[in-house]
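Participant: Compute the structure for the input listed below.
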Amino acid sequence: MNQSQTAGPLIPDPQTAPELFEGLLTRRVFAFLIDLVVMGLLITAFAIVGLIAGFVTFGLGWLALLVVVPATIVLYYGATLGSPKRATLGMQAMDIVLTPTRGQPLDGWMAIIHAGVFWITTWISWPLSLLFALFTPRRQMIHDLVTGTLMVRRSPMERHWRDQSARSRGPREAY
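Facilitator: This next block holds a predicted model:
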């Protein structure tokens, strides 16, 4: 079997595992609001450091303030979504996790790409992105489909993966 054949059936399905998707959109919205607060605090802290550095360097450090917001966002998503937990602080608080659907690993770069596509689609039309999620069976938003990822609830997902691996081992043990 190749990777695509083994990865296909392991992707959660709302029909067979509805607990993975219960209240997912609401959880995603609250997770995003928590992340906005955390990023706002980080941006404020980095901006204060930049202001102080500007005085020490006779204004040269103030140039760094131009990149504080984008750098903070990239670092935040890369460090949290790219970690083994595969979740931002808001996502961890709301018990959701980002899962790849195309059989590729979810590393820091993929997390940054996911976040970048999220911010672009949100900037262009956030209502359309939210409406899109209402009509996809796995509650995927536009950026999830583009990057090949899926958000699910973490605690039921861990049980789901255990059950899937037990089922896949079952017939092999019979031989």
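
Participant: which ones are touching W62?
Facilitator: G50, L51, A53, G54 (C-beta atoms under 8 Å, 6 or more residues apart in numbering). Placement of C-beta: from N, CA and C, glycine included.

Participant: Out of these, which sit inside strands?
Facilitator: Here DSSP state E is the test, and the contacts of W62 give no hits in strands at all.

Participant: Separate out the buried members of those.
Facilitator: Among those, the ones that count as buried by 16 or more other C-beta atoms under 10 Å are G50, A53, G54.

Participant: Dump those residues to JSON lines, plus distance to S83 and pLDDT.
Facilitator: Output for the buried ones among the contacts of W62, formatted as JSON lines (distance: C-beta to C-beta, whole Å; pLDDT from 0 to 100):
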{"residue": "G50", "distance to S83": "26", "pLDDT": "92"}
{"residue": "A53", "distance to S83": "28", "pLDDT": "92"}
{"residue": "G54", "distance to S83": "32", "pLDDT": "92"}
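
Participant: wait, what's in contact with Y77?
Facilitator: Applying C-beta under 8 Å, 6+ apart, the residues near Y77 are T88, A111, I112, H114, A115.

Participant: Sorry, wrong one. I was asking about A111.
Facilitator: Per C-beta under 8 Å, 6+ apart, neighbours of A111: Y77, G78, T80, L81, G82, R86, L98.

Participant: So, low pLDDT: which residues of this structure?
Facilitator: 1-10, 160-161, 164, 169-175 (pLDDT under 70).

Participant: Which stretches in it count as helices?
Facilitator: The residue ranges that make up the helices of the chain, judged by DSSP state H, are 3-10, 24-56, 68-80, 89-93, 108-134, 142-147, 154-174.

Participant: and of the buried ones among the contacts of W62, the nearest to W123?
Facilitator: Nearest to W123, judged by C-beta to C-beta, of the buried ones among the contacts of W62 is G50 at 24.1 Å.

Participant: Let me know the distance separating that closest one from F21.
Facilitator: 42 Å (C-beta to C-beta, to the nearest Å).

Participant: What of M39?
Facilitator: When M39 is compared with F21 (using C-beta to C-beta), they lie 26 Å apart.
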